[in-house]
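Asks: When you get a sec, could you give me coordinates for this:
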Amino acid sequence: MNTNTVNNESSGASEAHQEYLAETRQLVEDQIEALFALIASAAARAITATGQQPAVTRSGHTLRVSNGARTAAFEIEAITDLPEGADRAQAFPAGQARCTMSGPEGVIEEYELHRLGAGAAAPGYAWMYARTETPIDEDGVARSLQSLFAA
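Replies: You can find the predicted model right below:
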């Protein structure tokens, strides 16, 4: 094998890897947007004891839901946040991202982005409660927020 063939194969593999990372970044960002939309909708349903809807603010991969006295922070770590060369499979064994919901006393819930389905069909993705195959939903998030705000 000559040097040009090796360089072409190496260049092709590098381009394919960069394309894969770009697709993964976009997938993760799309799923973060979907999760934050679900949380914002759940927050609108989590009326506080004062009858007020909680305030929702966002900064990057963090969404905060506050009733004034108490705040829940939803912080996302994505596989694409890791530096080049990191062992992504070991850091993210369950999926491409995870979200931690924290309150004043610490972690309340954790969610993981799971791939659904296998084979040739285009896979789907869903946020699941950590270490389960149970998808999160708006009702569950609203209940968690209401519990936090009632405490």
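
Asks: ok, then the element right after the lengthiest strand in the chain?
Replies: Assignment by DSSP state E gives strand 106-116 as the longest strand of the chain. Counting by DSSP states H and E, the next helix or strand C-terminal to strand 106-116 is strand 124-129.

Asks: Export the next helix or strand after that next one to PDB, keeping only CA atoms.
Replies: Later in the chain than strand 124-129, the nearest helix or strand by DSSP H and E is helix 138-150. Provided in PDB are the C-alpha atoms of helix 138-150 (Å, rounded to 0.1, in the frame of the first residue of the first chain):
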ATOM      1  CA  GLU A 138     -45.100  16.000  31.300                       C
ATOM      2  CA  ASP A 139     -47.300  14.700  34.200                       C
ATOM      3  CA  GLY A 140     -44.400  13.100  36.000                       C
ATOM      4  CA  VAL A 141     -42.200  16.200  35.600                       C
ATOM      5  CA  ALA A 142     -45.200  18.400  36.800                       C
ATOM      6  CA  ARG A 143     -45.600  16.200  39.900                       C
ATOM      7  CA  SER A 144     -41.900  16.400  40.700                       C
ATOM      8  CA  LEU A 145     -42.000  20.200  40.400                       C
ATOM      9  CA  GLN A 146     -45.200  20.400  42.500                       C
ATOM     10  CA  SER A 147     -43.600  18.300  45.200                       C
ATOM     11  CA  LEU A 148     -40.500  20.500  45.300                       C
ATOM     12  CA  PHE A 149     -42.600  23.700  45.500                       C
ATOM     13  CA  ALA A 150     -44.800  22.300  48.200                       C
END
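
Asks: what's the angle from helix 138-150 to strand 124-129?
Replies: Interaxial angle of helix 138-150 relative to strand 124-129 (axes from the mean of the first three to the mean of the last three Cα atoms, to 10 degrees): 30 degrees.
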